[in-house]
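1. pasting the structure only:
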């Protein structure tokens, strides 16, 4: 099996973006290697999160303000409006969260606690906490894997119930099944990923994938 990182995938569009930067693909390849240890894996996730964050924030609004350089006054761009919200889907989303915060330290953070029922593969919520003005902010949802799409859909449902309207979903890997499901339920949500892999196995895991991202980040298996 091989992961497609060179040629466009049929599911790619303006709303489904694959970041093919050479450094992203190199680091993703290291993460796929089962011999990569927990500390290195965690650091790689943090680094790739920053690259994905650049793409996820590409369309944030800018205004102009005047500043004094050591030589003269000049008009410079500044972020305008209320700051971003990074919404981490627990627990694996925490790995991407730190890289995003390093990129935008002033961002607010939301948490959506979900676990996947091993028999039905449905998402079960156990925790939710978010800023109370989500509707006025761009919300970037973080989860390393978009597999069946059930957890992503449940998280997006919950965030929209709380008022979110401008949402981007960021993941390391996506399966075609997950992309299709998410697009069917939330066609307004842009998806940014480092790879669209071949598909899901019988247990709902992405193949070739990189294993369970949470277990590999936190050393729990």
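-> Okay, I see it. These figures come from a predicted structure and were not determined experimentally.

2. roughly how far apart are residue 98 and residue 111?
-> 14 Å (C-beta to C-beta, to the nearest Å). Where C-beta positions appear, they are placed from N, C-alpha and C, glycine not excepted.

3. residues touching the residue nearest the centre of the chain, list them.
-> Taking C-alpha atoms, centre = their mean, the centroid of the chain lies closest to residue 170, which sits 2.1 Å from it. By C-beta atoms under 8 Å, 6 or more residues apart in numbering, the residues touching residue 170 are 49, 52, 53, 56, 96, 100, 140, 141, 142, 143, 192, 193.

4. ok, 7 Å please
-> The neighbourhood of residue 170, defined by C-beta atoms under 7 Å, 6 or more residues apart in numbering, consists of 52, 56, 96, 140, 141, 142, 192.

5. Check residue 55 too.
-> 17, 19, 192.

6. does it belong to a helix or a strand, and which?
-> Using DSSP states H and E, residue 55 maps to helix 38-56.

7. Report the next helix or strand after that helix in sequence order.
-> strand 62-68.

8. Can you tell me which helices and strands that following strand packs against?
-> strand 73-79 (3 or more C-beta pairs under 7 Å, 6 or more residues apart in numbering; DSSP states H and E).

9. Go ahead and name everything in contact with stretch 44-51.
-> Applying C-beta under 7 Å, 6+ apart, the contact partners of stretch 44-51 are 19, 21, 23-24, 27-28, 30-31, 95-96, 98-100, 102-103, 144, 172, 194, 217.
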